[in-house]
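Engineer: model this:
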Amino acid sequence: MMSITWILIANAGEARLFANLGPNKGLKLLKKMDHPASREKASELVSDRPGYNPGVGNGHGSYAPPTDPKQHEAEVFAQELAKELELGRTSNSFERLIIAATPAFLGMINSTLSNHVKGMVSDTVQKDYTKATEKELSGYLEKVLCV
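Structural biologist: Sure thing, here's the model as predicted:
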């Protein structure tokens, strides 16, 4: 029985999901996922200017959304990726998972993963490899892939 490892390479705006079918088999791109909203300027994500909020006292307040819109979009994307990984787990598409993402986004992904999927994560790499070619990725991940 061949052991399949899934590798998720992500940042808040894009992700690629690869499969590795064993030592020296290279990476096979399974899916590309884009979340352009995470790359928008924060001002373009908020529908309007901050609303006027008549503050108490003599200060003028303006209403600010409770979470940063960019952070919210990143969280939405992290949840989408977690759903994708959960689907892979329930269909037994992989035995092991490696996640490489920017440190902040890695934290978001980890907080949205089910305990079942978390149990399959063998390695996490706090790096943004989204611009790397498949050949470069194989080199970067060589140590964690050959287990």
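Engineer: where does the chain have its least confident helix or strand?
Structural biologist: The weakest-scoring helix or strand in the chain, judged by mean pLDDT, DSSP states H and E, is strand 52-53 (a mean of 50).
Engineer: For the residue nearest to Phe94 when sequence neighbours are not counted, give the beta-bridge partners.
Structural biologist: In space, and not counting its chain neighbours, Phe94 is closest to Trp6: 4.0 Å by CB to CB, 6 or more residues apart in numbering. All C-beta atoms are positioned from the backbone trio N, CA, C, and that covers glycine. Residues in a beta bridge with Trp6, per DSSP bridges, are Ala19, Leu97.
Engineer: and Trp6, how many neighbours?
Structural biologist: Per other CB atoms under 10 Å, the neighbour tally for Trp6 reads 23.
Engineer: Just the pLDDT for Asn92.
Structural biologist: Listed pLDDT for Asn92 reads 95.
Engineer: And it, how close does it get to Met120?
Structural biologist: The gap separating Asn92 from Met120 is 11 Å, by CB to CB, to the nearest Å.
Engineer: the more surrounded of the two?
Structural biologist: Shown here are Asn92 and Met120; by other CB under 10 Å, Met120 has more neighbours (18 against 8).
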